[in-house]
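**Student:** make a model of this:
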Amino acid sequence: MLTIGIAGGTGSGKTTVARAVIDRLGADKVTFISQDNYYKDHPHLSMAEREKINYDHPLVFENELLIEHLKQLSEGQPAEAPVYDFTTHSRFPNKTITLAPCKIVVVEGLHVLSDEKLREMIDIKVFVDTDPDVRILRRVLRDIEERGRSIHSIHEQYLKTVKPMHEAFIEPSKKYADLIIPQGGENEVGIQLLSVLMEKHLVAKM
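**Tutor:** Take a look at the predicted model:
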């Protein structure tokens, strides 16, 4: 199994890059995993308490479960990934996504390269690097349209957690990348290069 890790700041276009590569290689050949679904669950907390959690810190993810699922897939076994509801800051109860074992697994998320144990599971490490003003504009649109948030709450969160966590953890994780793709999904050359690299790497492992 070939595992690709795609990291980058919020709104960088890392999901777009992941989807573009999957489209080129064929969805039947690739298992896609979003680190977002591995946000830790806090059912014992109230909604008000959950809203105060720093969701941009690397420790907010249950990477132990993600790593366990990668091990299962590498052994040819399916895994059941949780499904996260951003409107309630909690996992959907009794709902999972079945991850089928494939020759290629793409893991995408903010802190895919921040965790040493997770990095050890990744064969090709990718960082999607996009200008800060573009990232924040994309985040504003996403949070309003998909997560029902207000401009005020987005502004407050950006200053309190998003920007500081990007500078403290996400940007430094770029040094672990094998490949850096500027401008995200708009970088056709970068996406093509990653696709070719994945295909060659996969052939070498066969």
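**Student:** for the rest of this, base every contact and every neighbour count on C-alpha atoms.
**Tutor:** Fine.
**Student:** are we agreed that Phe92 is in a strand?
**Tutor:** Yes. Phe92 forms part of a strand when assessed by DSSP: H, G, I helix; E, B strand; the rest coil.
**Student:** centroid residue for this structure?
**Tutor:** Nearest residue to the geometric centre of the chain (CA atoms, centre = their mean): Gly109, 1.4 Å.
**Student:** from His44, how far out is that one?
**Tutor:** 26 Å (CA to CA, to the nearest Å).
**Student:** do the same with Pro164
**Tutor:** In terms of CA to CA, Pro164 sits 27 Å off from His44.
**Student:** who has more neighbours, those two?
**Tutor:** Pro164 (14 against 8; other CA atoms under 10 Å).
**Student:** next one: the more buried one, what pLDDT does it get?
**Tutor:** Pro164 is assigned a predicted lDDT (pLDDT) of 87.
**Student:** I'd like the next helix or strand past the host helix or strand of it.
**Tutor:** Per DSSP states H and E: Pro164 is located in helix 163-165. Per DSSP H and E, the first helix or strand lying C-terminal to helix 163-165 is strand 179-182.
**Student:** contacts for that next one?
**Tutor:** 124-130, 174, 187, 190-191, 194 (CA atoms under 8 Å, 6 or more residues apart in numbering).
**Student:** list the buried residues for the helix or strand following it?
**Tutor:** With elements assigned by DSSP H and E, the helix or strand that comes after strand 179-182 is helix 188-205. Neighbour-count burial for helix 188-205, with 16 or more other CA atoms under 10 Å as criterion, is recorded at 190-191, 194-195, 198.
**Student:** can you check stretch 97-104 too?
**Tutor:** Neighbour-count burial for stretch 97-104 [16+ other CA under 10 Å]: 99-104.
**Student:** picking that back up, mind putting the contacts of strand 179-182 into JSON lines with pLDDT?
**Tutor:** Output for these, formatted as JSON lines (pLDDT from 0 to 100):
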{"residue": "Ile124", "pLDDT": "93"}
{"residue": "Lys125", "pLDDT": "96"}
{"residue": "Val126", "pLDDT": "96"}
{"residue": "Phe127", "pLDDT": "95"}
{"residue": "Val128", "pLDDT": "93"}
{"residue": "Asp129", "pLDDT": "88"}
{"residue": "Thr130", "pLDDT": "74"}
{"residue": "Lys174", "pLDDT": "95"}
{"residue": "Asn187", "pLDDT": "86"}
{"residue": "Gly190", "pLDDT": "89"}
{"residue": "Ile191", "pLDDT": "89"}
{"residue": "Leu194", "pLDDT": "90"}
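**Student:** PyMOL command for the buried members of those residues?
**Tutor:** Of the contacts of strand 179-182, the buried ones can be selected in PyMOL as follows, counting by 16+ other CA under 10 Å:
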select buried, resi 124+125+126+127+128+129+130+174+190+191+194
